[in-house]
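1. Got a sequence here, can you build the structure:
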Amino acid sequence: MRAKAARAPHVPKPVAGVGLLAALIAAPLAAAPLPAGINLPAERAAIGRYQDYDQRLQDIGWQLVRSNADFCPQTIPSVGLQLQDLASYGRPEIARAALDMTGNFAVQTAAKGSPADLAGGFTRNREIVRLGRVDPNEWPSAKRMDWQRVARAHDHIDALLIAESGVEVGFADGAAVRVGPVEVCATRFELMGEGKVAVADGGRVVIGIDFPAFDYEDAMFAALVGHELAHNLLGHTDWLNRNGRAWGKVKRTEREADRLIPWLLANAGFDPAAAVRFMREWGPRHSVKILRLPTHDGWAKRARAIEDELPLIAEAMAKEGRADWSRHFRREVDPAQGR
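-> Below you'll find the predicted structure:
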């Protein structure tokens, strides 16, 4: 689902491949005069809005990947912690002044119900000076719009969770918190600072801050996130890369992702019928040109395909207390074959 992006000044914009390649050492963070006309309260509010949206995405994403971990083909240890690196902003010096920070790394979000949230201490914008034994502020970075370093920090945390069964995070105020992981489905969630995009790339779900689903109730927003997550869980990116992206093959993966949504919602405690409402109530209002191509069924047909899953989910929940899609979900593509 794509539409023309609208630029959000000074707010980070995570997109695959956009990180600058130059390995420049970050300049010393001595205070410098800001450009004339900068309204720090307005900048702080813009950053806060971005963080509010990211918090909601991480909360919903965590609920989906944690509750479905028993059924995912690949899981990873996670603590539900999302970092921010001011080098990823268009104007890091403005963000630093707006947030009253001296370094670059700080807490962005702790997903609701995650180990980081339950441990306490991971409050928004709390400055970080240590991940394990490493200070990520000392890593090389481009001067601005660099998402490579924050991705490296998240990779470093993931490695510590595997090697040391946890991570100790040190804060600029001298405190430290150690937190241990739980298993979740292997996907990260990222918020774009602009645009109406909603995509999955096999390892990430990326949602644009202007996507209309942020106005939906939680269950319907979870249906959007669940559709993109389903692509990752079902291995669609790899399957299409191996077998080509003919319209018929793409349509089958889209239909399969739609049909998995209510299974994911049911395990996460949402009403699985919210996926049907998403297609029927909101889909036609926000149609975009891509959905007129032969790669997608029409909204009504998509809703019916999802609705057909509801009795199967109800039966599984009644008999087993969970919607085990790893056993009961009917695949439309063979992940090991070109059909």
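2. Please count neighbours and contacts with C-alpha atoms only from this point.
-> Will do.
3. Okay, buried residues for the helix or strand hosting residue 61 please.
-> If you go by DSSP states H and E, residue 61 is part of helix 40-67. By neighbour count with 16 or more other Cα atoms under 10 Å, helix 40-67 contains the buried residues 40, 43-44, 46-48, 50-51, 53-67.
4. where do the helices sit along the stretch 151-300 of the chain?
-> 218-233, 236-243, 247-267, 274-277, 299-307 (DSSP state H, counting those that start in this stretch).
5. any chance of the ones you listed in a markdown table, plus mean neighbour count?
-> Below are the helices of the stretch 151-300 of the chain laid out as a markdown table (neighbours: other Cα atoms under 10 Å):
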| stretch | mean neighbour count |
| --- | --- |
| helix 218-233 | 25 |
| helix 236-243 | 16 |
| helix 247-267 | 22 |
| helix 274-277 | 24 |
| helix 299-307 | 18 |
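6. Including mean pLDDT and distance to residue 176, could those go into JSON lines?
-> Converted to JSON lines, these look like this (pLDDT from 0 to 100; distance: least, Cα to Cα, whole Å):
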{"stretch": "helix 218-233", "mean pLDDT": "98", "distance to residue 176": "33"}
{"stretch": "helix 236-243", "mean pLDDT": "94", "distance to residue 176": "39"}
{"stretch": "helix 247-267", "mean pLDDT": "96", "distance to residue 176": "34"}
{"stretch": "helix 274-277", "mean pLDDT": "97", "distance to residue 176": "41"}
{"stretch": "helix 299-307", "mean pLDDT": "95", "distance to residue 176": "46"}
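7. out of these, nearest to residue 122?
-> helix 218-233 (23.4 Å; Cα to Cα).
8. Kindly indicate whether residue 83 is helix, strand or coil.
-> strand (DSSP: H, G, I helix; E, B strand; the rest coil).
9. Now do the strands in this structure.
-> 75-78, 81-85, 105-110, 128-131, 167-171, 176-179, 182-185, 188-192, 198-200, 204-208 (DSSP state E).
10. quick revisit: now tabulate the helices of the stretch 151-300 of the chain in JSON lines and tack on distance to residue 145.
-> Below are the helices of the stretch 151-300 of the chain laid out as JSON lines (distance: least, Cα to Cα, whole Å):
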{"stretch": "helix 218-233", "distance to residue 145": "25"}
{"stretch": "helix 236-243", "distance to residue 145": "27"}
{"stretch": "helix 247-267", "distance to residue 145": "32"}
{"stretch": "helix 274-277", "distance to residue 145": "35"}
{"stretch": "helix 299-307", "distance to residue 145": "37"}
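11. Can you spell out the domain ranges of this structure, please?
-> Residue ranges for the domains of the chain, per automatic domain parsing: 75-185, 188-328.
12. Pick out the shakiest of those, pLDDT-wise.
-> Mean pLDDT is lowest for domain 188-328 among the domains of the chain, at a mean of 93.
13. Distance across it, terminal residue to terminal residue?
-> Domain 188-328 stretches 25 Å from its first residue to its last (Cα to Cα, to the nearest Å).
14. Also stretch 174-193?
-> Note: stretch 174-193 ends 31 Å apart using Cα to Cα.
15. Likewise for stretch 228-245?
-> For stretch 228-245, the end-to-end distance is 17 Å (Cα to Cα).
16. what sits up against it?
-> Stretch 228-245 is contacted from outside by 72-74, 185-187, 198-205, 249-250, 253-254, 257-258, 260-261, 335-336, 338-339, using Cα atoms under 8 Å, 6 or more residues apart in numbering.
17. rerun that using 7 Å as the cut-off
-> Applying Cα atoms under 7 Å, 6 or more residues apart in numbering, the external contacts of stretch 228-245 come out as 72, 199-203, 205, 253, 257, 260-261, 335, 338.
18. Spatially, which two of those are the most separated?
-> Longest span within the contacts of stretch 228-245, Cα to Cα: 205 and 338, 24.3 Å.
19. Look at the two and report which has more neighbours.
-> residue 205 (24 against 12; other Cα atoms under 10 Å).
20. Do I have it right that that one meets residue 190?
-> Yes - contact criterion Cα atoms under 7 Å: residue 205 and residue 190 qualify, at 6.2 Å.
21. picking that back up, the helix holding residue 61 vs strand 105-110, what angle?
-> Angle of helix 40-67 versus strand 105-110, following axes from the mean of the first three to the mean of the last three Cα atoms, to 10 degrees, is 50 degrees.
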